[in-house]
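Enquirer: kindly generate the corresponding structure for this input.
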Amino acid sequence: MEDSVKADSGLAGLEAHAGQPGDLIEVLHHVQEGLGYIPIEMQERIAEFLGVPISHVFGVVTFYHFFSMHPQGDHPIKACLGTACYVRGARKRVLGAIKEILGIVPGETTPDRKFSLSMVRCLGACGLAPAVMIDDKVVGRLTAARLRSILREY
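Expert: Residues are numbered from 1 along each chain as shown. Model prediction:
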């Protein structure tokens, strides 16, 4: 097993976890941090490495929203679809504008891997609705024009 753990495998430095099913979350965090996502091929290698079924690894990866199975952009965008944002037109004004400007929908990443888009239920910025979070910055009272201007800064 250790022969298959190579520097380019995403599992380098984790030899102490080999055969330790209880270390799954820690191993997934390490791989996510190193690769930026956890593709199915890597999930298969992790399952073999830890001695757990692939279905278990897949279940954990898809359950926790921190983990991603697809490459993420340098600037994650989280579009709020909570009640206040939804009522104030987030679906059309924000998601529609992002689709028009960047050409992506929730769950996708721009081809240049600059932006990724996901939906969240609340950013805690209801007074600023509709709002998004870009990186760690909450931006509110969005219109298509304002969103276009903000995205140009990136």
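
Enquirer: flag the shaky bits of this protein, pLDDT-wise.
Expert: 1-9 (pLDDT under 70).

Enquirer: nearest the geometric middle of it, what residue?
Expert: Central residue of the chain (C-alpha atoms, centre = their mean): residue 68, 5.0 Å from the mean position.

Enquirer: got phi/psi on the residue nearest to that residue when sequence neighbours are not counted?
Expert: Distances taken as C-beta to C-beta, 6 or more residues apart in numbering put residue 37 closest to residue 68, at 4.5 Å, once the chain neighbours are dropped. From N, CA and C alone the C-beta is placed, and that goes for glycine too. Main-chain torsions, residue 37, degrees, to the nearest 10: phi -170, psi 170.

Enquirer: I'd say residue 37 and residue 66 touch.
Expert: No: using C-beta atoms under 8 Å, residue 37 makes no contact with residue 66, being 11.1 Å away.

Enquirer: compare those two (neighbour count), which wins?
Expert: When neighbours are counted by other C-beta atoms under 10 Å, residue 37 comes out ahead of the other of residue 37 and residue 66, with 17 against 10.

Enquirer: for residue 87, see how far away that one is.
Expert: Using C-beta to C-beta, to the nearest Å, residue 37 is found at 33 Å from residue 87.

Enquirer: all good on my end, thank you.
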